[in-house]
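Asks: with the sequence up front, the predicted model follows.
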Amino acid sequence: MTVIQEKSPSIVIRGMSKTFLEDTSETVYVLKDVDLTIKHGEFYILLGPSGCGKSTLLNIIGGFLDKTDGQLDIHRANSNHDSNRGFIFQSADSVLFPWLTVEENVEFGLKMKKIPLAERKRIVQSYIELAGLSGHHHKFPSEISGGMKQRVQLARVLANNPDILLMDEPFGALDAMTRRTMQKELIRIWQETNKTVIFVTHDIQEALMLGQRIGIMSVGPSSKITSMYEIDLPYPRKITSPDFNHYYEIVQSHFD
């Protein structure tokens, strides 16, 4: 079991809120008074029904949206990391360049940073291997499966060496078998890289397969994290085990 309590904080959120204006000019709180601390190297799950504000919270942490009120502090784990946060989207098709090969997609950010060619190639090769893409270097996105595209997206983000991976239902569009494979691969990559991961899902089984801690968000508007569970199960996890089913029943009770 990973002892996450002894690690220093990566993300600290205190009393954070987010509002939007409705057509009636009435202020609506999407998020209200959110409190959350995530440790360096932790695999944290944001779990809740569709529309509860999970993605809004993730986008605020990622810097794509501004908070309305409260505190958000992001702490670096390693001063050598080039980028503090990397975002993995649900659809790789929306972010991969179709005219570039797998290798060129993974290399793209490094090329923009003007990393020398030899160093770029070394980094790209290492993350292509880590993401299980060996032998697919010269294929285009149209020539690989949805699961492989997500591997490319993950390799490209990791190549930029972020402290934190923000993942917004990245396996939601995959078939069940591919999704299970990608869950296992993500755990392997997380254990090898020691990144902090914040993973959004509305799937309880997926949350329990992946997370060290699960934060359950209330139904919006004015959503917040209402319950937190530390999942004391070893990896890889078995969905048929009595302990897994015990946690499932506890978490499921929030949505009955």
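Replies: The structure has been received and is ready for your questions.
Asks: how is the chain divided into domains?
Replies: 1-81+163-256, 90-160 (automatic domain parsing).
Asks: which stretch in those is the model least sure about?
Replies: Per-stretch mean pLDDT for these is lowest at domain 1-81+163-256 (a mean of 89).
Asks: at the geometric centre of this structure, which residue do we find?
Replies: Met167 (2.3 Å; C-alpha atoms, centre = their mean).
Asks: how about the strands in the chain?
Replies: Under the criterion DSSP state E, the chain contains strands at 9-21, 27-39, 43-47, 69-74, 83-88, 162-168, 196-201, 213-217, 225-230.
Asks: okay if I get those strands as TSV plus distance to Leu117?
Replies: In this view, the C-beta of every residue, glycine as well, is placed from N, C-alpha and C. Putting these into TSV (distance: least, C-beta to C-beta, whole Å) gives the following:
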stretch	distance to Leu117
strand 9-21	33
strand 27-39	36
strand 43-47	34
strand 69-74	32
strand 83-88	20
strand 162-168	22
strand 196-201	30
strand 213-217	41
strand 225-230	45
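Asks: for Ile250, which of those is the nearest?
Replies: When these are compared by C-beta to C-beta, strand 225-230 sits nearest Ile250, at 6.9 Å.
Asks: contacts for that closest one next, please.
Replies: With C-beta atoms under 8 Å, 6 or more residues apart in numbering as the test, strand 225-230 has contacts from 4, 34-36, 46, 212-218, 247, 250-251, 254.
Asks: ok and the longest helix along the chain relative to strand 196-201, angle-wise?
Replies: Using DSSP state H, we find that the single longest helix of the chain is helix 176-193. If you take axes from the mean of the first three to the mean of the last three C-alpha atoms, to 10 degrees, helix 176-193 sits at 160 degrees to strand 196-201.
Asks: list the contacts of Ala176.
Replies: So Ala176 contacts nothing (C-beta under 8 Å, 6+ apart).
Asks: report the separation between it and Gly135.
Replies: Applying C-beta to C-beta, to the nearest Å, the value for Ala176 to Gly135 is 25 Å.
Asks: end-to-end on stretch 91-101?
Replies: In stretch 91-101, first residue to last residue: 17 Å (C-alpha to C-alpha, to the nearest Å).
Asks: from the chain's centre, how far out does it sit?
Replies: 19 Å (C-alpha atoms, centre = their mean, to the nearest Å).
Asks: and for stretch 31-48?
Replies: 11 Å.
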